[in-house]
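Student: sequence plus predicted model, see below.
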Amino acid sequence: MMNKHEQLLRLLLDSEGSDISGEDISRQLNISRTAVWKHVNKLRKLGYEIDASPRLGYRLSRRPEWLQQEELAAAIDTRRFGQELRVLMTTASTQQVAMELAESGMAEGLTVLAEEQTGGRGRFGRKWFSPPGKGIWMSIILRPQQPLQYTSQLTLLTGVAVCRAIRQCTGVQAEIKWPNDLLVNGRKLCGILLESAVEDQRLRYCIAGIGIDVNMETDDYPEELKKLATSLRLESGKVINRTELIAAILSELESLYDLYAEQGFTPIASLWEALSASIGRRIRSVIRGETVEGTAMGLDTSGALLLRLDDGQVVPVFSGEIELKP
Ligand code: BTN
């Protein structure tokens with residue numbers, strides 16, 4: 001069921017390049033002229049250029065480069081991941097949509113993409129800036145078989161998959177900050193959020209949420225993010241094809257997930273360490289309420305980051321955040 005602004009878009013697309021009067025639209029959509037204007041503005045926010053003239057009505061003069069389901073399906077060469085796709089124009093959070101689909105019994109690999117998220121979520125209850133058409137906002141249903149305590153390994157695995165796909169597709173040398181932020185020159189390019197549904201100490205499913213700043217320019221960022229975040233476009237100087245990158249991520253993710261199922265965490269940990277911005281660096285973290293500082297040594301078998309403190313003691317950091325010291 002299309003909502004009103006999607007119906008309006010359909011009308012404008014059907015008469016692309018010619019005018020359609022406000023009166024016609026209001027009659028066909030069964031809404032007031034004021035509501036037409038409101039939906040036109042909604043589409044403009046999504047990147048559509050719509051000319052408006054009181055005499056002639058509305059005309060779609062340019063459409064943004066939206067993800068097309070058919071193009072994506074043609075580019076994705078996996079067996080499971082992304083074979084079932086939902087491509088949405090706008091949603092509160094793809095995590096929420098994927099979770100509902102997982103609850104309704106949809107299979108592992110189902111992937112939800114949105115052009116825009118109005119309530120994108122990050123780790124620790126933070127908001128995730130997800131403007132229309134400029135990023136990759138995607139969530140994938142995973143139904144892993146391993147015991148609950150290894151869920152954090154999947155977070156690291158997802159970071160490795162995305163980092164490898166970005167390097168291969170764009171040449172941007174992203175690095176992983178433990179556990180799975182992707183950085184370039186100290187600025188955040190991508191965040192990963194793994195949310196799990198657990199019952200009786202058993203993992204029912206996980207939703208792997210991936211947010212990548214792809215084609216943002218500096219002016220697209222709100223002031224508070226300008227110095228902290230970066231995009232693939234800003235780093236490479238090129239407009240990046242999101243379809244190719246999504247296909248590469250799904251392909252890497254499926255291969256690493258299969259490798260993990262066959263051989264366990266050891267090969268994933270080695271790949272993670274090779275892409276890490278944390279290993280060998282001075283790190284500050286908080287362990288059980290106490291701030292500690294030391295040198296990151298590598299991962300332990302569970303995926304925790306091992307920190308050598310200044311007194312020589314080696315301690316694992318299991319959760320939370322780390323700060324990379326200069
Ligand atoms: C972080 O805090 O670094 C994690 C950010 C994760 C953002 C992605 S965008 C797609 C998916 N949907 C959400 O609401 N969040 C994740």
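Tutor: Cool, got the structure.
Student: can you give me the helices in the stretch 201-326 of the chain?
Tutor: Assigned by DSSP state H, counting those that start in this stretch, the helices in the stretch 201-326 of the chain fall at 232-236, 242-263, 266-274.
Student: so which of those helices is nearest the ligand?
Tutor: helix 242-263 (11.9 Å; CB to the nearest ligand atom). (Glycine included, C-beta is placed from N, CA and C.)
Student: hmm, that closest one in reach of the ligand?
Tutor: No: using CB under 6 Å from any ligand atom, no contact is recorded between helix 242-263 and the ligand, whose separation bottoms out at 11.9 Å.
Student: those residues of the stretch 51-200 of the chain touching the ligand, which are they?
Tutor: Remark: the part of the stretch 51-200 of the chain in contact with the ligand comprises 93-95, 117, 120-123, 126, 128, 130, 137-139, 181, 191-193, using CB under 6 Å from any ligand atom.
Student: about what we covered before: could the helices of the stretch 201-326 of the chain go into JSON lines alongside mean neighbour count and mean pLDDT?
Tutor: Shown next, in JSON lines, are those (neighbours: other CB atoms under 10 Å; pLDDT from 0 to 100):
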{"stretch": "helix 232-236", "mean neighbour count": "20", "mean pLDDT": "97"}
{"stretch": "helix 242-263", "mean neighbour count": "20", "mean pLDDT": "97"}
{"stretch": "helix 266-274", "mean neighbour count": "17", "mean pLDDT": "96"}
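Student: can you list those in TSV and add distance to Ile76?
Tutor: What follows is the helices of the stretch 201-326 of the chain, written out as TSV (distance: least, CB to CB, whole Å):
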stretch	distance to Ile76
helix 232-236	19
helix 242-263	5
helix 266-274	22
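Student: of those helices, which approaches Glu321 most closely?
Tutor: Put simply, out of these the one that sits nearest Glu321 is helix 266-274, at 16.9 Å, with distance taken as CB to CB.
Student: Ser302 touches Thr155, doesn't it?
Tutor: No: taking CB atoms under 8 Å as the definition, Ser302 is not a contact partner of Thr155, at 11.6 Å.
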